[in-house]
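>>> the sequence isn't on hand, but the structure is:
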């Protein structure tokens, strides 16, 4: 595959790539005879429209591909691909990179937003699907815990039973948040939609010549920006930064609690989804410990429990 892509890159670009080495299953670093290096990545054809949208909006914190001879960002082939200059991302402390990432996400959202009504037909259906999933997952967790209670206690069952109440706290908070979100949907509330990255990892931010660039936008889409912030929080929760201040500063620009409520709901949703239920074993007990720890930390950090509010 890559040999064909390299050959076609010579046909579609003014490049003569003579060697390459893999970076991932879909990405390669190619080197021309003049020593210049390029990043080559196979992708889906629809990525073309995402780059075109951002480019025409004048968004300047995206690393755009080199346009081919037809003026396209994506070269159509059996394996659609794009080419960018290869940027050596120098080492940066993760805490600094996380702050930079939050700034670039904010820039992306701010410069691509538009108002759209929440539509009961599509938005309510999505929330109903999530509600059904949560009912299933919480029921599964309850049955699992009950099965452990009737067994003899051991080193695996104790941490599960000890931490289960944090899962129940999340269930209670999510029910309240979901009612508020559904109420906004019923009102057909007008909210900000933006182009969201949808995969905001630290590795997806490059720094070059004093500028920051978001990369890997294949999963990007139009949506409520709370989704990016939820994924950003989960990506950054273990870093030594005041992620609470970053998040609250971001949502302070909105005059509607919907965005913050949706953010909180999504973070807890991802944590609940991440709980693995196998059996009363090491994997399940360690998974419960991790899930309960991050849920407890999130609830306390953002003062979500009724106890904290009294």
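Noted; the coordinates are in hand. All figures in this text were calculated on a predicted structure; none of them were measured in a lab.
>>> if we ignore the residues flanking it in sequence, what's nearest residue 76?
Of all residues not flanking residue 76 in the chain, residue 45 sits nearest, at 6.4 Å (CB to CB, 6 or more residues apart in numbering). (C-beta placed from N, C-alpha, C; glycine too.)
>>> SS state for the one you found?
With DSSP: H, G, I helix; E, B strand; the rest coil as the basis, the three-state label of residue 45 is coil.
>>> next, count neighbours for it.
Other residues within reach of residue 45, judged by other CB atoms under 10 Å, total 12.
>>> residues contacting it?
In this structure, residue 45 makes contact with 74, 76, 80, judged by CB atoms under 8 Å, 6 or more residues apart in numbering.
>>> was I right to think the last one contacts residue 40?
Spelled out, it's residue 80. No. The pair formed by residue 80 and residue 40 falls short of the contact definition of CB atoms under 8 Å, at 11.7 Å.
>>> of these two, who's got more company?
Looking at residue 80 and residue 40 with other CB under 10 Å, you find the greater number of neighbours at residue 40, namely 24 against 17.
>>> backbone phi and psi for that one, please?
phi -120, psi 130 (degrees, to the nearest 10).
>>> for residue 216, see how far away it is.
To residue 216, residue 40 is 14 Å away according to CB to CB, to the nearest Å.
>>> run through who's touching stretch 66-77.
Taking CB under 8 Å, 6+ apart as the criterion, the residues outside stretch 66-77 that touch it are 4-5, 8-9, 12-14, 38, 43, 45, 47-48, 51-52, 55, 64-65, 80-85.
>>> again, only this time at 7 Å
The contact list for stretch 66-77 (CB atoms under 7 Å, 6 or more residues apart in numbering) reads 8, 12-13, 43, 45, 47-48, 51-52, 64-65, 80-84.
>>> now the helix or strand harbouring residue 300: how far from the chain's centre is it?
Residue 300 is located in helix 282-301, with elements delineated by DSSP states H and E. Computed by CA atoms, centre = their mean, to the nearest Å, the separation of helix 282-301 from the middle of its chain amounts to 20 Å.
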